[in-house]
Each structure stands twice: as structure tokens, then as C-alpha cells.
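predicted structure and sequence below. I'll ask about it afterward.
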Amino acid sequence: MIATVEIAPMGRLRAGRRWKDRAFTAFLWACAFLAMVPLVLISVYVVSRGWHALSVNFFTKEPAGPLDPSAGGIAQSFVGTGLIVGMATLFSVPLGILTAIYLAEYGRGRFAGAVRLIAEVLLSTPSIVAGVFIWSLVVVAMGTFSALAAALALTVLMWPVIARAAEEILRLVPQELREGALALGVPRWRVILRVVVPTAGAGILTAIMLAVARGLGETAPILLTALGNDFINTNPLQPTDAVPLRVFADARTPVAALHELAWGGALMLLVAVLGLSIAARAVSSRQQKRMT
């Protein structure tokens, strides 16, 4: 006896697949919306509380006396943040890019695996651990807190971001470009510098911006290494203030005017981090279009 198999009409199958596709698409949009809700709420709240503090004094003056704290600003924090993050970027960019080039172009065997493991571990290491490490290694040895120590603490956190992200970008460069340059007799090191790195330049820039965005918002490692300062300081070997430190310090005081300055500093951090993240996303999109 031959069994018969009933085949569903093609129209019914297509309708069922279209319904499932639409349902899954709606589910993904709902998840994306739920993920955006906390960011939007936090952003709106910080903007509503912080924009009142924005003024000329906020950006150009140091903290005022206790009689009229609202007349002062956090100029020393902006200068200190620029000094600390600038030095950290100067240290972490070459280290991260060279690590990425080694892992993507030469990295084979146990040593490369160990380097990759260290970078991945540092990516998930709490920032306060980096602060304690640099405090015990640099601050104690120098006998003073400093912007240099803070920059080294941020370097510990920033270079793994650059190394791992840049490595993945370098691996996306088509192998045919390398082989074509090598076939012309160009040394491998020059192929990397003149062909591979420029081709992945936009992606590497994206990795750098993401690392800087992470460094801007860190408080714990800077608190343990830079300490803070109420005056503008450009000496990297002296205690230095930073925007996250000023937000932390002013938020802990009972003075309402200083709370307003803290919200203003938080707003500036939010704008800087969001700006860098959006710019990194735009550059990454352009890089993906070039690669495809």
C-alpha cells in the first residue's frame, strides 16, 4: 500500500513565512526600542539638569570660593582631562596598532595566543584594578599623584580596545592586495605600512575613537592616580583635575550650586562620549562600504 503525502498549497506556505518574518522583524524592532529607552531617559535627564550650568564662567574659570560657588567653573577639569586623555592616547595608539599588526600579520603560535588573551582579559578588567595597579607601580614610586600616572592607568584600559578592534579590521583587508604587492617584489613590512594599514585606516580610526570614549568617562583609575586639583595644572608630574573627578567631588558636597556644576560636567561627558561613538559608527559604516 502506497502512502500518500498531502502537500500544502504554495500560497499558504508563503503566507505563513511572511507572517513569521514580519513577527520576527517586529520583535527585533521592539528589542531595539527597549535597548534605546534607558539611553534616551538618561540623556534627557542629564540634559535637563545640566544645561543650566553652561555659561562662560563654567568653561573659563576655576572653582570660586565658598561664599559664591556659582560664580566659578571647572576650567581646570577640562584642561586636566585634555592633558590626561591626550597622553593616554599618545601612549595607547602606537602600542595598540603595533599589537594589532603583529596579531593580524605575524601572530602565530603560543606567544600570539598569550598576547591576544592578555588583551581580552584587560578588556573585561574593572577599571579600578588598573588604577590600583598604576597607583602601586607609579604613584608610590614617584611619591606623588600626577597626570602621568592617570594617563598610564587609562593606557592600560585603552590599548586593548585599539588592539582587538584594529586586529579584526586588518583581517578584513583582502588577501589579494597583500599578494599583489608581494608579487611586485615589495617587502612585507612595506606592504603592511603602504597597503594594509591605509586600506584599514578608517576602521583603525574608529577603534581609536572608541578607546578615547572609554578613557573620557573613567573615574576610579583617575581618582587613584591623579587625585584632583582646584587649579589649572599643565605639569604632567603634579596632581591634576579631570571632569569625572570634578563631577564625583561636587556631587558629594551639600552645596546646591556645586551640584549644578556637577550636572554640567556630566552633560559635557555625555556629549563627548556620544559624539565620539556616533562619529566612530559613521566611520565604521564608510569602512564597511569600502570593504564590500
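Noted; the coordinates are in hand.

contacts and neighbour counts: CA atoms only from here.
OK.

now A272: closest residue in space, sequence neighbours ignored.
If the residues on either side of it in the chain are set aside, A272 comes closest to A213, at 7.5 Å by CA to CA, 6 or more residues apart in numbering.

thought that neighbour was touching L270?
No. A213 lies out of contact with L270 (CA atoms under 8 Å); the separation is 9.9 Å.

pLDDT weak spots in the stretch 1-150 of the chain?
Where the stretch 1-150 of the chain drops to pLDDT under 70, the residues are 1-13, 66-67, 70.

for it, just list every one of the helices.
With DSSP state H, counting those that start in this stretch applied, the stretch 1-150 of the chain shows helices at 10-50, 56-60, 75-101, 109-123, 127-134, 140-142, 147-171, listed in chain order.

which helices and strands does the helix or strand just after the last one pack with?
Next in sequence after helix 147-171, counting helices and strands by DSSP states H and E, comes helix 175-183. Helices and strands in packing contact with helix 175-183 are listed as helix 188-191; criterion 3 or more CA pairs under 8 Å, 6 or more residues apart in numbering; DSSP states H and E.

so which residues make contact with the helix it packs on?
By CA atoms under 8 Å, 6 or more residues apart in numbering, the surrounding residues in contact with helix 188-191 are 178, 181-182.

can you count the residues close to E120?
One way to gauge burial is a neighbour count; for E120, by other CA atoms under 10 Å, it gives 15.

nearest residue to it in space, please, no chain neighbours.
By the measure of CA to CA, 6+ apart, the closest residue to E120 outside its immediate chain neighbours is P160, 7.0 Å from it.

and that neighbour, what pLDDT?
According to the per-residue confidence, P160 scores 95 in pLDDT.

hang on, it packs against V115?
No. At 10.0 Å, P160 does not count as touching V115 under the criterion of CA under 8 Å.

so who does the residue nearest to A272 touch?
Remark: with contacts taken as CA under 8 Å, 6+ apart, A213 is in contact with 272-273, 276-277.

can you give me the pLDDT of L182?
Among the per-residue scores, L182 shows a pLDDT of 90.

report the separation between it and Y45.
Between L182 and Y45 the computed distance is 56 Å (CA to CA, to the nearest Å).

same check, this time on N57
When N57 is compared with Y45 (using CA to CA), they lie 23 Å apart.

who has more neighbours, the two?
More neighbours surround N57 than the other of N57 and Y45, with 16 against 13 (other CA under 10 Å).

let me see the contact set for that one.
The contact partners of N57, taken as CA under 8 Å, 6+ apart, are 71-73.

again with A100
Contacts of A100 were listed using CA under 8 Å, 6+ apart, and they are 162-164, 166-167, 170.

which of the residues you listed lies closest to A251?
Within the contacts of A100, distances to A251 taken as CA to CA reach their minimum at I162, with 32.1 Å.

based on its surroundings, how many neighbours for the closest one?
Counted by other CA under 10 Å, the residues lying close to I162 total 29.

which residues are in contact with the nearest residue to I208 once chain neighbours are set aside?
Once its chain neighbours are removed from consideration, I208 has its nearest residue in I162; the separation is 5.7 Å (CA to CA, 6+ apart). I162 sits next to 92-93, 96-97, 100, 204, 207-208, 210-211 when contact means CA under 8 Å, 6+ apart.

same check on S146?
For S146, the contact set (CA under 8 Å, 6+ apart) comprises 139, 225-227, 236-240.

what lies in contact with stretch 222-232?
Contacting residues not belonging to stretch 222-232 are listed as 62-63, 75-77, 79-80, 131-132, 134-135, 139, 145-150, 153-154, 238-242, 245-246 [CA under 8 Å, 6+ apart].

extract the C-alpha set from it and format it as PDB.
Coordinates of the C-alpha atoms in stretch 222-232 are reproduced here as PDB (Å, rounded to 0.1, in the frame of the first residue of the first chain):
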ATOM      1  CA  ILE A 222      41.900  58.700  37.800                       C
ATOM      2  CA  LEU A 223      40.800  59.100  41.400                       C
ATOM      3  CA  LEU A 224      43.500  56.800  42.500                       C
ATOM      4  CA  THR A 225      46.300  58.300  40.300                       C
ATOM      5  CA  ALA A 226      45.600  62.000  39.500                       C
ATOM      6  CA  LEU A 227      43.800  62.800  42.900                       C
ATOM      7  CA  GLY A 228      42.400  66.100  41.600                       C
ATOM      8  CA  ASN A 229      43.200  69.800  41.800                       C
ATOM      9  CA  ASP A 230      41.200  73.100  42.200                       C
ATOM     10  CA  PHE A 231      43.600  75.000  39.900                       C
ATOM     11  CA  ILE A 232      44.700  74.700  36.300                       C
END
